[in-house]
Every structure is written in structure tokens, then in C-alpha cells.
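J.: Sequence unavailable; structure follows:
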Ligand code: SAH
Ligand code: SF4
């Protein structure tokens, strides 16, 4: 443990609604395997009392694996020449979104590598087509772009944006991102907030050299940012990247962070991420029982799914969208939870009715 406060006292402080503080965040993030189940149960109770039992579904459309960046951890990095690249056509993207709407999703996430072929205008047209033909909330996750692009997509109707900070530790960020700058990433997030996107960020867990104290500082930074959706997942080493021999994150480390996030952000949307399902077949259910309230089933056309290889061992590669919808619903019901309907917007001042 990295600070002097015992686990029980740290949990008491968290449950008393103390503002997030390294004093209680760090011991909870560094807690023993013996203490971890009480942390998860406490977060599960807070989740039930604040955002309720319904789990929000977001249909994930991975529309291009072409990326101009070279993040050290990611299988889509431009230096990975062993990956067959693809780009869905605007029509294919809009059709995938329409299928998601027909399957009862209230929201889709359009995610890709940083692919310059999707210009502000081109992606704007896709957003407009989706918004004018479906009732879907649209989330973008396409990395760092000029503020003018973010503005035009917001004007086209995009509701939300996901951009993980990955880590707020300056040295670690610098080592992982040969072509990114931490302050620039932060500036993108502030700009997105200013443009009134519902704002999502998050980090990877188990990065080389990362400590519980660094994760605690990440939580404080996300709190200061006012993140409204926070996605965290284990770092999974990809064999075709420079980090191939690193250890990677674990389900246990990630569950601790999910639980701590729920204690620090009672009303935030927290997904049970797909990377959790890659490490453990029950990983997403475990996250849903440790504070998470969102799942992002894949609605990408199955023929391209294996090529969106951020990390090895991705789940649900061969299945179509209807299968994934049924499978995830059964998993949610199996832990006594329900599936939310509607767009599932973030909760701001007044919680919307469930
Ligand atoms: N290009 C966009 C969106 C795609 S990457 C962006 O970078 O924001 C989406 C997320 O995948 C990243 O934020 C990162 O946290 C995660 N990711 C990439 N490589 C990973 C790996 N090896 N293990 C776990 N997660 C990874
Ligand atoms: Fe590209 Fe995103 Fe992967 Fe970085 S994490 S290489 S920006 S897809």
C-alpha cells in the first residue's frame, strides 16, 4: 500500500461522500485481494442507488482501422505493416447505424483510427444521415482533430465524444505517444467540453511503470475535467507493437478502478469495456457488478471486425449485430439487471427519469 490510511477508513471516507482525494483513492486502488470484494460491493450499492439497475447499450461501429498515429500500445499504429487495413464506405456506416436502431439500440459509437480520409465534411454528412434517419444518439471516437472539426460535427448533430487521456502521468504519456503531447490531448478534451459534447474520457490500466498513485491522480484529473462517461480497460500487449513483452493489466486492477470511479463519480456513465471481456469471459459482468452501468456491443459488419485489432484476443469477432444484441441482453439478465431503452444521455443537474 502506498499511503498510510487503512482500507476500511478509506472506504468509509469514500462512502461518506468525501471529495476525491489521493488519501482515500490510493489505498482503495492498491487494496489487497482480500479487501477487493468489499470495495466492489460498496461500488455496486452506490451504482444501484445513483444510476439504477438498467444497463445502457451503445452499438459500436469500428468504421476504419487506418491510423496516422503510432501509439506504442496499439495494434492499429501506422508502423504495424502486418495489419490488413479497411475503411467502411459512408453507406456501410449509415446502414450499420440503422441496423443498430432497428435492433433497439438507442445510441451508437462511431470509432476509428485517426484516418484523415474522413474529413470534417465527410464525417459530418454521415452524422447528418444517421441523425435524420434514426432516433439514435451519436457518439464519436476518432481521436485528436482540430477544434473546427469538432465544432462542425457537433453542428451536424453529434451528441457525445470519447477521447481517453490514457494516462495523466507526463513521463508515461510521453513514452507511449511518439506523436502526441499530453497538454494537446487535454486541450482537445477542454475544447470538446466547451462545445457542449457529452464528454467521455478514461485511461488504460496496467501500463508499463504505472502505479496506483498515478491512477489516483488520473481520477482526480478526470474529476476536474468533469468527465461524464469514463471508460477504463486493461492494457493488453499486442504482439506486433513495441510493448509486446510487457505484462499488461489485469481484471483485478481494472475492477478496483471501476469501483473507485463509481465511488468518486456516482452519476457518471461507466462502461464494462470489451477489453475486460477479452481477459475474462465474465469480465464485463464482473465490471457491471463493481460499479459499471454501460456495455458497448459490437455492431460492426462481421467481415471487418478481426481487422480492428487494437489488442489481441478481442471478443465477438465472428458474430453479427443481432447475435451480439441477444447475447449481451442474456448476460445482463443473468446478473439480475435490466436493459435500458432510449438514448441514455448523461445525467447533468437533474437526473432524467430511468
Ligand atoms: N483512435 C482513437 C479511437 C480508437 S483507439 C483514439 O485513439 O482515441 C480506442 C482506445 O483503444 C484507445 O483510447 C486505447 O485506450 C485503447 N487501446 C488501444 N490499444 C490497446 C491495447 N493494446 N490494450 C488495451 N486497450 C487499447
Ligand atoms: Fe491510432 Fe487510436 Fe491506436 Fe493511437 S490508440 S494508434 S490514435 S487507433
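T.: Everything's here; your move. These numbers come from a predicted model, not from an experiment. Ligands and ions are numbered 1, 2, ... in the order given.
J.: Name the residues of the stretch 251-354 of the chain found near ligand 1, please.
T.: Proximity of the stretch 251-354 of the chain to ligand 1 (CB under 6 Å from any ligand atom) is limited to residues 275, 310-311. Where C-beta positions appear, they are placed from N, C-alpha and C, glycine not excepted.
J.: Where neighbours are concerned, which of those has the most?
T.: residue 275 (26 neighbours; other CB atoms under 10 Å).
J.: Show me what the strand or helix carrying it is packed against.
T.: Taking DSSP states H and E as the definition, residue 275 sits inside helix 274-279. Helix 274-279 makes packing contacts with strand 229-234, helix 251-264, helix 283-288 when contacts are defined by 3 or more CB pairs under 8 Å, 6 or more residues apart in numbering; DSSP states H and E.
J.: got the contact list for the last one?
T.: Read it as helix 283-288. Residues outside helix 283-288 that contact it (CB atoms under 8 Å, 6 or more residues apart in numbering): 40, 55, 251, 254-255, 258, 271-274, 276-277, 280, 292, 295, 331-332, 334-335, 337.
J.: Going through the residues you listed, which ones are buried?
T.: Buried residues within the contacts of helix 283-288, defined by neighbour count using 16 or more other CB atoms under 10 Å: 40, 55, 251, 254-255, 258, 271-274, 276-277, 280, 292, 295, 331-332, 337.
J.: And stretch 220-239, what's buried?
T.: Per 16+ other CB under 10 Å, stretch 220-239 contains these buried residues: 220-223, 225, 227-238.
J.: for stretch 9-24, same thing?
T.: Going by neighbour count (16+ other CB under 10 Å), the buried part of stretch 9-24 is 10-11, 13-14, 20-22, 24.
J.: In helices only, show me these.
T.: Among these, the members found in helices (DSSP state H) are 10-11, 13-14, 22, 24.
J.: State the pair within those residues that is farthest apart.
T.: 11 and 22 (15.2 Å; CB to CB).
J.: what's the spacing between the helix holding residue 275 and its chain's center?
T.: Chain-centre distance of helix 274-279: 12 Å, with CA atoms, centre = their mean, to the nearest Å.
J.: Nearest to ligand 2, out of the helices and strands packed on helix 274-279?
T.: Proximity to ligand 2 (CB to the nearest ligand atom) singles out strand 229-234 among the helices and strands packed on helix 274-279, at 11.9 Å.
J.: the inter-axis angle of that closest one versus helix 251-264?
T.: If you take axes from the mean of the first three to the mean of the last three CA atoms, to 10 degrees, strand 229-234 sits at 160 degrees to helix 251-264.
J.: Show me what the mean pLDDT comes to for strand 229-234.
T.: Summarised as a single mean, pLDDT over strand 229-234 is 98.
J.: what does stretch 276-294 give?
T.: 97.
J.: Quick check: buried residues in that stretch?
T.: Residues of stretch 276-294 classed as buried: 276-280, 283-294 (neighbour count, 16+ other CB under 10 Å).
J.: moving C-terminal of the lowest-mean-pLDDT helix or strand in the chain, what's the next helix or strand?
T.: The helix or strand of the chain with the poorest confidence is helix 321-334; it has a mean of 93 (mean pLDDT, DSSP states H and E). For helix 321-334, the following helix or strand on the C-terminal side (DSSP H and E) is strand 338-339.
J.: Can you name every helix or strand that that next one contacts?
T.: In terms of contacts (3+ CB pairs under 8 Å, 6+ apart), strand 338-339 is packed against strand 54-57, helix 321-334.
J.: From the chain's centroid, how far away is the longest one?
T.: A distance of 19 Å separates the centroid of the chain from that of helix 321-334, by CA atoms, centre = their mean.
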